[in-house]
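Student: Got a sequence here, can you model it:
(one chain, ligands or ions: 1)
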Amino acid sequence: MAHLPPVDTFDYIVFGGTGDLTMRKLLPALYYRFRDGQVPADARIIATARSPLSRGEYQDRARQALQEHIPPASLEADTVTRFIELVHYVSLNGAEAQSNWADLRGLLDQEPETRIRVYYLATSPALYGQICENLSKQNLITEQSRVVLEKPIGTDLQSANAINDSVGRHFPENHIFRIDHYLGKETVQNLITLRFANPVFERLWTSDAIDYVQITAAETVGVEGRGAYYDRSGCLRDMIQNHLLQVLCLVAMDPPVSLDADSVRNEKLKVLHALKPIRPSDVAIYTSRGQYMRGHVNGQTVGSYLEDLGEGVTSETETFVALKAEILSWRWGNVPFYLRSGKRMAEKCSEIVIQFKSAPWTIFANRPAANRLVIRIQPDEGVMLSVSTKDPTPTDSLSLREADINIEFEKAFNIRYPDSYERLLLDVVRGDPILFIRRDEVEAAWKWIDPILQGWSKNEAPLEPYPAGTWGPEGARNLLAQSGHLWHEDMK
Ligand code: BG6
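Tutor: Below is the predicted model of the structure:
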């Protein structure tokens, strides 16, 4: 168990307090940080939702959520009891001006105005503007208040701008924390260290040495009861517009001048601006989209996407995307970045593969394989570099064999790898936005994504079926084959 320095005390006010995200991620993350000494004993977590629950009833739900989402070995009875004491509940419809604001104000007024307040909006993004307006009308936004916005911020550039404008009327940009939980993942943060603390990598981090890059976020789960949201969103909006483009930015950005949040975000923004636009008429060349059919995942038969949505439903929503992105810059000219994500795939695996160029000439009987750096985001966070070594089996000639230099972080450091929300929730309290998305990044990402959506809406690229439990449709393989490239699983 780690002992972390405590942050200044705070009130975390969660809108959407009975929802899945609060139960599955937010409460467990705050529990861990409380157990590790980072959450002060007088901090408060004030959940709000429309359900008419008493504080005791909500605390019972919170306790149950901890039991469901935290392994028993990390749940100490006394710590759980003390943590649950921090939890309050106000039955309130944040989007309605006439709702029960008095109870929330009553609780907040018990503490001085200088105390940090975090308003966490875990509701539908359509409500963000109204909630902020009500907070403002109720005079609940103090100098020390921040607001956290969960994704999706909009469904295209226009709707994202409308959300950002409506929140921006009440909170200054430096008090708005747009969360992308991929940035809280240890290995994603580790990209900055790996690249900028190790000259051995950074010197090779250009088109001189790199052939292509792959970024994959594959899941074995289906839509898991989130069909109504997912069917309006699809994989491109749900995963690529945010998580995968953010990872791409960290892989491709130039060294920031410092670790100051804006220095890093300025560099990321440059990458987004340098992405070559994919015109609607070109989506068939640069993208592949698919939808899962019935199949087998981890030995179990699973239904199709349409079956998961419910009987008699039809849908053209993609549950898989692969695309080829190009960055128009000196560093990355002619290096494709392949991004891919999907539900009901063969394995749960998020990783970055840096495929180096092969040697121009060989003195050996067999050609050395090109080096490959695999940065594994989850599961089993780690870094692996494939190298050619001498084949140890006795032969007359000097032949080559591939082997891996492999670091598995959890084993190497012998510590628990925290869930990404733990770090992010406390960064908001500290007021550190380095791992959050600035408004101009959201806009730049949508500007690049919108034409792809337009091309798909005109059916310029077919929606291909793929059996659940596979690596996606054939189109994804063809996307790389055009350039003689392979997805990671096909290299093995
Ligand atoms: C969320 C998406 O942002 O990320 C989900 O909305 C997806 O559809 C999830 O399942 C994946 O997160 P992780 O951390 O499991 O890779």
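Student: got the residue ranges for the helices in the stretch 101-250 of the chain?
Tutor: Here the stretch 101-250 of the chain has its helices, by DSSP state H, counting those that start in this stretch, at 101-109, 128-137, 157-168, 186-196, 199-202, 227-235, 245-252.
Student: Of those helices, which is nearest the ligand?
Tutor: helix 227-235 (6.7 Å; CB to the nearest ligand atom). Yep, even glycine has a C-beta here, placed from its N, CA and C like the rest.
Student: contacts for that closest one?
Tutor: Helix 227-235 has contacts (CB atoms under 8 Å, 6 or more residues apart in numbering) with 152, 155, 223, 238, 289, 308-310, 315, 317-321, 341-343.
Student: Give the PyMOL command for selecting the buried subset of those residues.
Tutor: Provided next is the PyMOL selection string for whichever of the contacts of helix 227-235 are buried by 16 or more other CB atoms under 10 Å:
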select buried, resi 152+155+223+238+289+308+309+315+317+318+319+320+321+341+342+343
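Student: ok, now which ones touch L272?
Tutor: Contacts of L272 (CB under 8 Å, 6+ apart): 245, 249, 441, 444-445, 448.
Student: OK, contacts around the nearest residue to I434 once chain neighbours are set aside?
Tutor: Nearest non-adjacent residue to I434, counting by CB to CB, 6 or more residues apart in numbering: A261, 4.1 Å away. Going by CB under 8 Å, 6+ apart, A261 touches 432-434, 436.
Student: Of these, just the buried ones, ChimeraX syntax please.
Tutor: To isolate the buried ones among the contacts of A261 in ChimeraX, judged by 16+ other CB under 10 Å, type:
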select :433,434,436
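Student: taking the contacts of A261 one by one, which sit in helices?
Tutor: Applying DSSP state H to the contacts of A261, no entry is found in helices.
Student: Just name the closest of the contacts of A261 to the ligand, please.
Tutor: Checking the contacts of A261 one by one against the ligand (CB to the nearest ligand atom), the nearest turns out to be F436, at 14.6 Å.
Student: residues contacting that closest one?
Tutor: With contacts defined as CB under 8 Å, 6+ apart, F436 is in contact with 177-180, 183, 261, 424, 427-428.
Student: Closest one of the residues you listed to the ligand?
Tutor: Closest to the ligand, out of all of the contacts of F436 and judged by CB to the nearest ligand atom, is D180, at 8.0 Å.
Student: Give me the three-state assignment for N406.
Tutor: strand (DSSP: H, G, I helix; E, B strand; the rest coil).
Student: Look up how far the ligand lies from it.
Tutor: Note on N406: its distance to the ligand, by CB to the nearest ligand atom, to the nearest Å, is 22 Å.
Student: Establish whether stretch 11-29 and the ligand are in contact.
Tutor: No. Interface with the ligand: stretch 11-29 contributes nothing (CB under 6 Å from any ligand atom), its closest point being 9.4 Å away.
Student: Write out the residues of the protein neighbouring the ligand.
Tutor: Counting by CB under 6 Å from any ligand atom, the chain sits next to the ligand at 181, 217, 219, 238, 350.
Student: Need those residues in a markdown table (columns: distance to A274).
Tutor: Formatted as a markdown table, those follow (distance: CB to CB, whole Å):
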| residue | distance to A274 |
| --- | --- |
| H181 | 25 |
| A217 | 22 |
| E219 | 29 |
| D238 | 24 |
| S350 | 24 |
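Student: With pLDDT as extra columns, can I get the residues you listed in CSV?
Tutor: Below are these laid out as CSV (pLDDT from 0 to 100):
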residue, pLDDT
H181, 95
A217, 98
E219, 97
D238, 96
S350, 97
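Student: Just the buried residues of those.
Tutor: Applying a neighbour-count criterion of 16+ other CB under 10 Å, the buried members of those are 181, 217, 219, 238, 350.
Student: what residues are up against the fourth one?
Tutor: When contacts are counted by CB under 8 Å, 6+ apart, D238 is found next to 152, 230.
Student: Look at the residue in the stretch 351-492 of the chain that the ligand sits nearest to and say how many residues are nearby.
Tutor: Among the residues of the stretch 351-492 of the chain, Q378 lies nearest to the ligand; the distance is 6.3 Å by CB to the nearest ligand atom. Q378 has 17 neighbouring residues, counting by other CB atoms under 10 Å.
Student: So what pairs up with the closest residue to it other than its chain neighbours in the strands?
Tutor: Closest residue to Q378 apart from its sequence neighbours, by CB to CB, 6+ apart: S350 at 4.9 Å. Taking DSSP bridges as the rule, S350 bridges to A217, Q378.
Student: wait, doesn't S350 sit right on L244?
Tutor: No. Judged on CB atoms under 8 Å, S350 makes no contact with L244 at a distance of 9.2 Å.
Student: shared neighbours, the two?
Tutor: A217.
Student: And F201, how far from R294?
Tutor: As judged by CB to CB, to the nearest Å, F201 and R294 stand 43 Å apart.
Student: ok so, going back, among the contacts of helix 227-235, which ones are in strands?
Tutor: If you go by DSSP state E, the contacts of helix 227-235 have 289, 320-321, 341-342 in strands.
Student: Which residue is the nearest non-sequential neighbour of T18?
Tutor: With CB to CB, 6+ apart, the residue lying closest to T18 is A49, at 4.1 Å.
Student: so what's the one you found up against?
Tutor: Counted by CB under 8 Å, 6+ apart, A49 has contacts 15-19, 89, 91-92.
Student: Could you do Y417 as well?
Tutor: 186, 381, 409-410.
Student: can you confirm L306 is in a helix?
Tutor: Yes. Counting by three-state DSSP, L306 is found in a helix.
Student: pLDDT score for it?
Tutor: pLDDT recorded at L306 is 96.
Student: Neighbours of it, how many?
Tutor: L306 - counted by other CB under 10 Å - has 19 other residues nearby.
Student: doesn't T314 make contact with it?
Tutor: Yes. Using CB under 8 Å, L306 makes contact with T314 at a distance of 6.8 Å.
Student: list residues touching both of the two?
Tutor: Joint contacts of L306 and T314 (CB under 8 Å, 6+ apart) do not exist.
Student: Distance from stretch 63-70 to the middle of the chain?
Tutor: 23 Å (CA atoms, centre = their mean, to the nearest Å).
Student: nope, stretch 54-74 is what I was after
Tutor: 25 Å.
Student: Next: stretch 133-150.
Tutor: 25 Å.
Student: That one - what's its average pLDDT?
Tutor: Mean predicted confidence for stretch 133-150 is 97.
Student: where does the protein dip in pLDDT?
Tutor: 1-2 (pLDDT under 70).
Student: Check it for the residue nearest the ligand and tell me.
Tutor: D238 (4.7 Å).
Student: now the contacts of A49: which count as buried?
Tutor: Buried among these by 16+ other CB under 10 Å: 15-19, 89, 91-92.
Student: Restricted to strands, list these.
Tutor: Among the buried ones among the contacts of A49, the members that lie in strands (by DSSP E) are 15, 89, 91.
Student: and the last one, what is it in contact with?
Tutor: Meaning S91. For S91, the contacting residues are 48-53, 100, 103, by CB under 8 Å, 6+ apart.
Student: Type out the PyMOL command that picks the buried ones from those residues.
Tutor: One line in PyMOL is enough to select the buried ones among the contacts of S91; burial here means 16+ other CB under 10 Å:
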select buried, resi 48+49+50+53+100+103
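Student: Return the two entries of the contacts of S91 that lie farthest from one another.
Tutor: For the contacts of S91, the farthest-apart pair by CB to CB is S51 and D103; their separation is 13.9 Å.
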